[in-house]
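J.: When you get a sec, could you give me coordinates for this:
(chains A and B)
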Number of protein chains: 2
Amino acid sequence: MTTQVRSRPRERLLDAAATLAYRDGVSVGVEALCKAAGVSKRSMYQLFESKDGLLAASLERRAADFEVRFLPGPDDERSARERILYVFERVESQAALPEYLGCPYLAVQIELKDEGHPASRVARRVKENLMAFFRSEAARGGANDPDLLARQLTLVFDGASARAGIKVDDLSGLVAPTLNALLDAAGLC
Amino acid sequence: MTTQVRSRPRERLLDAAATLAYRDGVSVGVEALCKAAGVSKRSMYQLFESKDGLLAASLERRAADFEVRFLPGPDDERSARERILYVFERVESQAALPEYLGCPYLAVQIELKDEGHPASRVARRVKENLMAFFRSEAARGGANDPDLLARQLTLVFDGASARAGIKVDDLSGLVAPTLNALLDAAGLC
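T.: Numbering: from 1, shown residues only, chains lettered A, B, ... in the order given. Next comes the predicted model:
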């Protein structure tokens, strides 16, 4: 008996939504989600009020994974500059995976084209947390303008993830010089 | 009689595809496209072999508009640096429009998740032309590494358009300092 079969319907639906929305886009159908999760539509609608709610919940549940995947741990005592560079080393290493399709939170917002959609709101919050991490490290590292540097780093995060996700740039030799130019200009020690 | 009613079915379908795919995403249905264009499905399939073909053709036809909208004219004799900055001033001014939803070529590639799709191939080519413009200006302006600078500028173009398109950053006060840091680091005069 596999882990998936043993896990509960709610968990299986959340996994299916995260996987299929990432691979196929947010227009993935309820039928496909239920089929992948091995759950009836009736059960799905007992667990989630709508496909939109399921999609939002699946993004919410992956938020902790996102932070573990991209942010240095709280006990990582390197400099602010190194902690910022770490995030982008993680982006580069994710981008090298054949199944990489860019940042799921950016993709969801681009695909939904609706700021008020529950999944867009979750995605926006996850990326605001990333920007807050950058802002805090920028301030700790003595940047002239931590707000500006945080916006710049988030722009580079999204631009790099997007271009790697659509397979037009492998990011090799690109991200480090881009960050160094921005961090130097910001006066980050 | 409006212009739209007088234009030919092919043109109306191309306009409808460009408008609706941008506003609603590439999953917009054939019914909706035909309805918006005032063309029967039968006529659509006589003009285009598939919805995918219509989508690709609509992006192709908009490519000239894209260049007119974002690139300086050939008779613009400003410096390479100024000609590069011009592109991003145009991005900022587009981004200020309420109907702005980011770069249509990036959105199509993110939504389709299929490099081989005819619309993805058109989108990729349009952005390669943008990168070629950046590379040519970088070389003309004496950048240390024109290929690197062209990749950086295209990353900033996509990151800035994406973040403005999803309405999480209005780009104000963000793009100019980002470009200046990159152009200075590249040694662009």
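J.: mean confidence for the host helix or strand of residue A:122?
T.: In this structure, residue A:122 sits in helix A:118-140 according to DSSP states H and E. Taken as a whole, helix A:118-140 carries a mean pLDDT of 98.
J.: got the angle for the helix or strand that that helix is followed by vs helix A:118-140?
T.: Going down the chain from helix A:118-140, the next helix or strand is helix A:146-165, by DSSP H and E. Angle, helix A:146-165 to helix A:118-140, by axes from the mean of the first three to the mean of the last three CA atoms, to 10 degrees: 130 degrees.
J.: Summarise which helices and strands helix A:146-165 is packed against.
T.: Other elements packing on helix A:146-165 under the criterion 3 or more CB pairs under 8 Å, 6 or more residues apart in numbering or on different chains; DSSP states H and E are helix A:80-95, helix A:104-112, helix A:118-140, helix A:175-185, helix B:104-112, helix B:146-165, helix B:175-185. For glycine as for every other residue, the C-beta is placed from the backbone atoms N, C-alpha and C.
J.: Adding distance to residue B:43 and mean neighbour count, write these out as CSV.
T.: Listed next are the helices and strands packed on helix A:146-165 as CSV, based on distance: least, CB to CB, whole Å; neighbours: other CB atoms under 10 Å in any protein chain shown:
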stretch, distance to residue B:43, mean neighbour count
helix A:80-95, 43, 18
helix A:104-112, 29, 24
helix A:118-140, 36, 19
helix A:175-185, 48, 20
helix B:104-112, 24, 24
helix B:146-165, 33, 24
helix B:175-185, 44, 20
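J.: Make TSV from the ones you listed and add distance to residue A:73 to it.
T.: Formatted as TSV, the helices and strands packed on helix A:146-165 follow (distance: least, CB to CB, whole Å):
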stretch	distance to residue A:73
helix A:80-95	10
helix A:104-112	21
helix A:118-140	12
helix A:175-185	20
helix B:104-112	30
helix B:146-165	26
helix B:175-185	29
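J.: So which of those is nearest residue B:58?
T.: With CB to CB, the closest approach to residue B:58 among these belongs to helix B:104-112: 9.4 Å.
J.: I'd like the average pLDDT over stretch A:84-98.
T.: 97.
J.: Just give me how far the helix holding residue A:122 sits from the chain centre.
T.: From the chain centre to the centre of helix A:118-140 is a distance of 10 Å (CA atoms, centre = their mean, to the nearest Å).
J.: check whether it contacts chain B.
T.: Yes. Interface with chain B: helix A:118-140 contributes A:120, A:124, A:127, A:128 (CB under 8 Å from any CB of the partner chain).
J.: residues touching the closest residue to chain B within chain A, list them.
T.: Per CB to the nearest CB, residue A:159 is where chain A lies closest to chain B, at 2.6 Å. Contact analysis of residue A:159 by CB atoms under 8 Å, 6 or more residues apart in numbering or on different chains lists B:155, B:156, B:157, B:158, B:159, B:160, B:162.
J.: sorry, back to before: alpha carbons of the helix holding residue A:122, as PDB, please.
T.: Coordinates of each C-alpha in helix A:118-140 appear next as PDB, following Å, rounded to 0.1, in the frame of the first residue of the first chain:
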ATOM      1  CA  PRO A 118      -8.500  33.300  -2.900                       C
ATOM      2  CA  ALA A 119      -5.500  31.600  -4.500                       C
ATOM      3  CA  SER A 120      -4.100  34.900  -5.700                       C
ATOM      4  CA  ARG A 121      -4.400  36.300  -2.200                       C
ATOM      5  CA  VAL A 122      -2.400  33.300  -0.800                       C
ATOM      6  CA  ALA A 123       0.200  33.600  -3.500                       C
ATOM      7  CA  ARG A 124       0.600  37.300  -2.900                       C
ATOM      8  CA  ARG A 125       1.100  36.800   0.900                       C
ATOM      9  CA  VAL A 126       3.700  34.100   0.400                       C
ATOM     10  CA  LYS A 127       5.700  36.500  -1.800                       C
ATOM     11  CA  GLU A 128       5.200  39.400   0.600                       C
ATOM     12  CA  ASN A 129       6.900  37.200   3.200                       C
ATOM     13  CA  LEU A 130       9.800  36.600   0.800                       C
ATOM     14  CA  MET A 131      10.100  40.400   0.300                       C
ATOM     15  CA  ALA A 132      10.000  40.900   4.000                       C
ATOM     16  CA  PHE A 133      12.900  38.500   4.400                       C
ATOM     17  CA  PHE A 134      14.900  40.500   1.800                       C
ATOM     18  CA  ARG A 135      14.000  43.800   3.500                       C
ATOM     19  CA  SER A 136      15.100  42.500   6.900                       C
ATOM     20  CA  GLU A 137      18.400  41.200   5.600                       C
ATOM     21  CA  ALA A 138      18.900  44.400   3.600                       C
ATOM     22  CA  ALA A 139      18.400  46.400   6.800                       C
ATOM     23  CA  ARG A 140      20.700  44.100   8.800                       C
END
